[in-house]
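Trainee: Okay, predicted coordinates and the sequence, questions at the end:
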Amino acid sequence: MLFFIRNIFWILLLFISCLSLIIEWFNLISKQQISIITMANNRRIKFCKLDHLIECFIEPSLFLSAQSNGTGIPSNVDDFEQFCFNQHDYGPYCARKWFHRCGTPLHSIFFERLYLQPFQENLRRFCQPNGTIQNVEIIQDFLNISSCLIDKVKLTDEYRHRCIYRLQTSYEWIHDQSRQNANFTKFYQNTCCAYYDWEHCVMEMLMVKCGRQSQQMFHTMIEYNSLSILNSLCPRDEYDFGKQQCDPIEFHAPNDYHPKGIHSNSIVSYLFSYYCPNIGYGIDDQQ
């Protein structure tokens, strides 16, 4: 079942993207308070870029993806222990450090109570501190189906060309359009729609390749591990695949648009291609 936890970094990205403008505002407040810039302050400003907060959560996740042929699917107990350490220990520690240095005490309390504490409590069904595993039976259930998830979904050209290509082009296109139009409402809406578009693509493949049980597991684990934040920020009844607000013309890139990956201004697309070069786009001109 924990395969679907590995997709949690997309939820984290979505959550952080929806708060990015607020966080950037925090950064501007901090910078305006600096009257004399010393060398120490220069280092602080560099550290306080939004990218560093995002990396707290997705870089460890993508690191595991890079260790598992770009699939992000743990294939043994060691992979699960690495996942537990990344998500339960490292990610929250890194985020707390960022808010301590870059925000006010109010910002830290807000993020701690809204997200970090519930997230860690939620993970304790599977993980204990220091990268130890809580529920061995669930892990064994996952290992029984992991070969299907790896060989018939994640490592296929179909998944790369259908799901990943559209995901990366969509997020790059949304990012580019938001910079040109400065329309936060449209950015927010399209970000939600692009996520559910990717989810629908994965669900179709899971049904065909691995059966209905894998679909049910997908929905259960996404909802459980997102602490309902995903559905709160992007209600499924408003932004799910095919909904009226999600017009593909709005969030799908034009047909002649090619993902830039590591050369993109989208942090999502950049980090995905950086850590998963075998399935990410924009690695070289031939892709």
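Mentor: Happy to help now that I have it.
Trainee: what helices or strands is whichever strand or helix holds Gln82 leaning on?
Mentor: Assigned by DSSP states H and E, Gln82 belongs to helix 77-84. With contacts taken as 3 or more Cβ pairs under 8 Å, 6 or more residues apart in numbering; DSSP states H and E, helix 77-84 sits against helix 50-67, strand 127-128, strand 132-133. For every residue, glycine as well, the C-beta is placed using N, CA and C.
Trainee: So which bits of it are buried?
Mentor: Asp79, Phe80, Glu81, Gln82, Phe83, Cys84 (16 or more other Cβ atoms under 10 Å).
Trainee: Model confidence score at the fourth one, please.
Mentor: Listed pLDDT for Gln82 reads 75.
Trainee: What average pLDDT does the biggest helix by length in the chain get?
Mentor: In the chain, taking DSSP state H as the definition, the longest helix is helix 184-210. Per-region confidence: helix 184-210 scores 88 on mean pLDDT.
Trainee: So for that helix, what gets flagged as buried?
Mentor: In terms of neighbour count (16+ other Cβ under 10 Å), helix 184-210 has its buried residues at 187-199, 201-203, 205-206, 209-210.
Trainee: Which parts of the stretch 101-250 of the chain are helices?
Mentor: 105-111, 117-123, 136-143, 146-149, 157-158, 165-181, 184-210, 212-225, 229-233, 236-239, 248-251 (DSSP state H, counting those that start in this stretch).
Trainee: Outside of stretch 176-184 itself, list whatever touches it.
Mentor: Leu21, Lys186, Phe187, Asn190, Asn265 (Cβ atoms under 8 Å, 6 or more residues apart in numbering).
Trainee: hmm, which two among these are most spread apart?
Mentor: Across those, no pair lies farther apart than Lys186 and Asn265, at 17.2 Å, counting by Cβ to Cβ.
Trainee: The residue nearest to Ile262 when sequence neighbours are not counted: neighbour count?
Mentor: Excluding the flanking residues, the one nearest Ile262 by Cβ to Cβ, 6 or more residues apart in numbering is Ser273, at 4.7 Å. When neighbours are defined as other Cβ atoms under 10 Å, Ser273 has 24 of them.
Trainee: Spell out the secondary structure type for Ser273.
Mentor: Under DSSP: H, G, I helix; E, B strand; the rest coil, the three-state class of Ser273 is helix.
Trainee: List the residues that contact Lys209.
Mentor: For Lys209, the contact set (Cβ under 8 Å, 6+ apart) comprises Cys148, Lys152, Val153.
Trainee: Against Glu172, how distant is the residue lying closest to Ser75 once chain neighbours are set aside?
Mentor: Excluding the flanking residues, the one nearest Ser75 by Cβ to Cβ, 6+ apart is Ser146, at 5.6 Å. As judged by Cβ to Cβ, to the nearest Å, Ser146 and Glu172 stand 30 Å apart.
Trainee: How about Arg166?
Mentor: Using Cβ to Cβ, one gets 11 Å for the distance from Arg166 to Glu172.
Trainee: Who has more neighbours out of those two?
Mentor: A count of neighbours by other Cβ under 10 Å puts Glu172 above the other of Arg166 and Glu172, at 25 against 19.
Trainee: Low-confidence ranges, the stretch 101-250 of the chain, go.
Mentor: 130-135, 217-218, 220-232 (pLDDT under 70).
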